[in-house]
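>>> the amino acid sequence is not available; the structure is as follows:
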């Protein structure tokens, strides 16, 4: 387990800051989720996807050929899935791993919750 | 991109207007794709999806819990897939069926094109 | 298109057997679906997938590492989707196109049916 | 199934067998992956899926209607995805959580590996 002095003092929370074994406060306790550090990147991705959806509206409005619209839908869905996958990775790395380190039964709940989320992604 | 005066002027464009057997002009000849009649519905759907994507940005900005964000991503992906499916249905009903009625080899190209689009949707 | 004695003599006539516009009997009338010609290829594909599933059982039996099993599951799912896509292409090329050529309302039912099938594939 | 003599005595030690923080041997050290306990259930599931694939061969052999075959393909794909999801849940609960508890950098590798596996499942 890594030490995280920086995390304790700095406002911009560290990405790996579990200090739970000794009962210390973790990022999670302060309401900072795993994806916090990538926030800007996430927002940029989502803004790009928003642009794609607006592009779809333009295409429909201009009677673009159905197949070309479907291709753009596939690209947007792929971008959304890719965003979800990155979010999930951070969630596993931080929230789920934190729960494991803390011990107790929380890990079971976290894993079940993550698996259900993955199942929802798979089914779309 | 073709212009569609006919579509622009006639509000109640016929949804099923194949008159090709006798060589008459069809909707397709005038550049009106299958989804034309459902245009407003499509735009409404897409605007709703755009709202969902903006909601995702808000969630990320407000540090909402990862799993809740993933649930919203699944909903948006599902909405996009559902839009694609409706577009595809109209495409099959109009463009592909038109090609079949016209005879010749166009149907093969149309079916191959549609199948590839379905393949892209499946792989996202 | 090849003829198939078995299909021709078969007593259990298919439910979906509309006559041609000129009353001629089509392949469909004789219970020959679009995928008939590729039957051997389909069976070969399916046997290969069956082998993959048996491989999965072997892997589980031998305590192979989870991630390697998941990789094999992805390969099998992809192979199934690819089989489905080819079947669908033949269905569109034959059954759906036939319905379009015949005219009448059958095309609507066929397209709706195909779209629902695609929706089921998308949701898995 | 809880006892694992075979695994305990097996010479081909697993590559991913880090000791516990207190040096104790873990299930993982003995080559017992997360899914070990559910082995029988997994094998039963996979045998059922194998039966579905054989059912598909029968359907193709008997010229069953394309759409009915596609429905069965969807069911098989769903069953495979469901198997993958259960395997993944056990993997997260055991292998990934173990890595988190042990500390060090292994958790990063495990999470990255699991995320890639989820990505492969999503893309099929």
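Structure's in. What do you need? None of these values were measured; they are calculated from a predicted model.
>>> leaving out chain neighbours, which residue sits closest to residue A:39?
Spatial nearest neighbour of residue A:39, chain neighbours left out: residue B:60 (6.1 Å); criterion: CB to CB, 6 or more residues apart in numbering or on different chains. Glycine gets a C-beta too; all of them are placed from N, C-alpha and C.
>>> show me what the strand or helix carrying that neighbour packs onto, helices and strands only.
Assigned by DSSP states H and E, residue B:60 falls within helix B:39-61. Contacts of helix B:39-61 with other secondary structure elements, assessed using 3 or more CB pairs under 8 Å, 6 or more residues apart in numbering or on different chains; DSSP states H and E, are made with helix A:39-61, helix B:66-91.
>>> can you report how many residues lie near residue A:103?
12 (other CB atoms under 10 Å in any protein chain shown).
>>> contacts only, for it.
If a contact means CB atoms under 8 Å, 6 or more residues apart in numbering or on different chains, then residue A:103 has residue D:101 as its contacts.
>>> that older thread, most tightly surrounded among the helices and strands packed on helix B:39-61?
Sort the helices and strands packed on helix B:39-61 by mean neighbour count, taking mean count of other CB atoms under 10 Å in any protein chain shown, and helix B:66-91 sits at the top with a mean of 21.
>>> isn't residue A:115 right up against residue D:85?
Yes: checked against CB atoms under 8 Å, the pair residue A:115 and residue D:85 is within contact range at 6.2 Å.
>>> look up how far residue C:92 lies from the closest residue in space to residue A:66 that isn't next to it in sequence.
Counting by CB to CB, 6+ apart, residue B:91 is the residue found nearest to residue A:66 once chain neighbours are left out, at 4.0 Å. Remark: distance between residue B:91 and residue C:92 (CB to CB, to the nearest Å) = 11 Å.
>>> between these two, what contacts are shared?
When contacts are counted by CB under 8 Å, 6+ apart, residue B:91 and residue C:92 are jointly contacted by residue B:114.
>>> returning to what we had before: now do the contacts for the residue nearest to residue A:39.
Residue B:60 makes contact with A:35, A:39, A:42-43, A:46, B:69, according to CB under 8 Å, 6+ apart.
>>> kindly report the same for residue A:83.
Contact analysis of residue A:83 by CB under 8 Å, 6+ apart lists A:42, A:45-46, A:49, B:73.
>>> just the closest residue of chain A to chain C, please.
At 5.8 Å from chain C, residue A:123 is the closest residue in chain A, using CB to the nearest CB.
>>> what about that residue, how many residues nearby?
When counting by other CB under 10 Å, one arrives at 16 neighbours for residue A:123.
>>> looks like it contacts residue C:123 (just checking).
Yes: taking CB under 8 Å as the definition, residue A:123 is a contact partner of residue C:123 at 5.8 Å.
>>> mind checking the SS state of residue A:64?
Classification of residue A:64 into helix, strand or coil gives coil, according to DSSP: H, G, I helix; E, B strand; the rest coil.
>>> give me the number of residues near it?
Using other CB under 10 Å, residue A:64 has 18 other residues around it.
>>> ramachandran coordinates for it?
Dihedral pair for residue A:64: phi -60, psi 150, per degrees, to the nearest 10.
>>> likewise for residue A:105?
Dihedral angles of residue A:105 (phi, psi; degrees, to the nearest 10) stand at phi -90, psi 0.
>>> ok, residue A:82 - contacts?
Applying CB under 8 Å, 6+ apart, one finds that residue A:82 lies in contact with residue A:45.
>>> pLDDT score for the residue nearest to residue A:66?
Listed pLDDT for residue B:91 reads 95.
>>> my guess is it contacts residue B:113. True?
No: at 9.4 Å, residue B:91 does not count as touching residue B:113 under the criterion of CB under 8 Å.
>>> which neighbours do these two share?
Overlap between the neighbourhoods of residue B:91 and residue B:113 consists of residue A:67, taking contacts as CB under 8 Å, 6+ apart.
>>> returning to that earlier point: what score does the residue of chain A closest to chain C have for pLDDT?
With respect to pLDDT, residue A:123 scores 85.
>>> swap in residue A:11?
In this model, residue A:11 is scored at 36, pLDDT.
>>> equivalent analysis for residue A:82, please.
Per-residue confidence at residue A:82 stands at 96 (pLDDT).
>>> tell me how far the nearest residue to residue A:57 once chain neighbours are set aside lies from residue D:109.
If you skip the residues right next to it in sequence, residue A:57 has residue B:46 as its closest partner in space, 4.7 Å away by CB to CB, 6+ apart. Plainly put, residue B:46 is 40 Å away from residue D:109 if you go by CB to CB.
>>> so where does residue A:97 fall, helix or strand?
Under DSSP H and E, the secondary-structure element containing residue A:97 is helix A:97-102.
>>> hmm, that helix in reach of chain D?
Yes: in this structure, helix A:97-102 sits against chain D according to CB under 8 Å from any CB of the partner chain; the contacting residues are A:97-101.
>>> and the next helix or strand after that helix with helix A:66-91, angle?
Once helix A:97-102 ends, the next helix or strand along the chain (criterion: DSSP H and E) is helix A:106-122. Helix A:106-122 and helix A:66-91 meet at an angle of 170 degrees, taking axes from the mean of the first three to the mean of the last three CA atoms, to 10 degrees as the criterion.
>>> in helix A:106-122, what's buried?
Taking 16 or more other CB atoms under 10 Å in any protein chain shown as the neighbour-count basis, helix A:106-122 is seen to contain the buried residues A:107, A:110-111, A:113-115, A:117-122.
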